[in-house]
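Participant: here's a sequence, model it:
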Amino acid sequence: MHKSTSASSLGPGGLDLTQAFFKPIHGAAPPSSYNRHTKISVIGAGNVGMAIAQTILTQDLADELVLVDAIPDKLRGEMLDLQHAAAFLPRTKIKASVDYAVTSDSDLCIVTAGARQIHGESRLNLLQRNVALFRKIIPPLAKYSPETILLIVSNPVDVLTYVAWKLSGFPSNRVIGSGTNLDSSRFRFLIADHLDVNAQDVQAYIVGEHGDSSVALWSSISVGGVPVLSFLEKQQIAYEKETLESIHKTVVDSAYEVISLKGYTSWAIGYSAAGLARSILRDQRSIHPVSVLAKGLYGVDGGDVFLSLPAQLGRSGVLGVTNVHLTDEEEQKLRDSAKTILEVQSQLGL
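Facilitator: Numbering: from 1, shown residues only. Alright, predicted model coming up:
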């Protein structure tokens, strides 16, 4: 596929016009050989992939952005559409190709490719349609960028993150799933809406599977540094457990509602993935609930399983998992969530 990139060879016969266009200043040293170049590749130019690409561009997270997809005409159209916005964006080189060689030496590869979720379809039902696709995607990414970090967004994200880990042969810290990062954002929004506060002042996590068996960590929720449930108990303010369960159910059903209304989800996951990219590539060491290898953590056993836990992210990927206090009930629900994922993984034969 034809690639369009920035170049200075605009003159006849590809003559380099840079030296003619720019005059060097007196006493200037030669250009430095140091080049801190950040390259992100997005695999899948569908609604989610393009929302992520657009957010990466507007937030100035990469020097080079690469798009890969199996449909060449659509792919080139998306690339040109983004390139034509160059005057309104930070300077970023944008490339696109159906050939994975274009992803060579990527710092971060974000995988969004996969079958679109149908309204009412469980995320786990998508699995068999996407595993075969990953067999074509992950090995070439690992080949061309052996030091990259893989960020998996395709659903069912926990199982596909495990699949990517097995297919890539990468250490576990360099394979991350977007997991419940977006679920937790929805959770924080709903709690903030109930309490009429800014969602940024709410600390709350959804952990476990990105799906029906996810676990809301009510015991650790705080608003402005105040633990919510313990505060209500100390003030003898009654609350109904059914209300809490209703909020969690709304979180779980949020994606299905958006899909039923507009056909797909895109913008929220775009911001979520870009936020993860920022934390990783800029070594922010921020805490995000993302899908990580959870074996041996919080009582999770029975095999290698990826599920969401609050993890610190930095330039080498997952730096560690936070030691959040869980109640006995929450820990049991987390183990049950792990079993749900392991049951599906056992059918893959990886």
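Participant: next SSE after the helix or strand of the chain with the lowest mean pLDDT?
Facilitator: Of all helical and strand segments in the chain, the minimum by mean pLDDT, DSSP states H and E falls on helix 18-21, at a mean of 64. Once helix 18-21 ends, the next helix or strand along the chain (criterion: DSSP states H and E) is strand 39-43.
Participant: quick one: list the elements packing against that next one.
Facilitator: helix 47-58, strand 64-68, strand 108-111, helix 127-144 (3 or more Cβ pairs under 8 Å, 6 or more residues apart in numbering; DSSP states H and E). C-betas here are computed from N, CA, C, even on glycine.
Participant: quick check: which of those is buried the most?
Facilitator: Each of the helices and strands packed on strand 39-43 was scored by mean neighbour count; the highest is strand 108-111, a mean of 26, by mean count of other Cβ atoms under 10 Å.
Participant: what's that one in contact with?
Facilitator: The contact list for strand 108-111, computed with Cβ atoms under 8 Å, 6 or more residues apart in numbering, reads 39-44, 49, 52, 103, 134, 137-138, 141, 145, 148-154, 160, 164, 273, 277, 280-281.
Participant: check contacts around Gly303.
Facilitator: Applying Cβ under 8 Å, 6+ apart, we find Gly303 in contact with Lys295, Leu342, Gln345, Ser346.
Participant: before we move on, the earlier item: between the helices and strands packed on strand 39-43, which gets nearest to Leu190?
Facilitator: When the helices and strands packed on strand 39-43 are compared by Cβ to Cβ, helix 47-58 sits nearest Leu190, at 21.8 Å.
Participant: show residues contacting the helix or strand harbouring Asp158.
Facilitator: Under the criterion of DSSP H and E, Asp158 resides in helix 157-168. Outside helix 157-168, the residues that touch it by Cβ under 8 Å, 6+ apart are 111, 114, 123-124, 127, 130-131, 134-135, 138-139, 141-142, 150, 152, 154, 172, 175-179, 209-211, 291, 293, 304-308, 341, 344-345, 348, 350.
Participant: same deal with stretch 82-92?
Facilitator: Contact with stretch 82-92 is made by Ser4, Ala53, Gln54, Leu57, Thr58, Asp60, Ala62, Asp63, Glu64, Leu65, Ile94, as judged by Cβ under 8 Å, 6+ apart.
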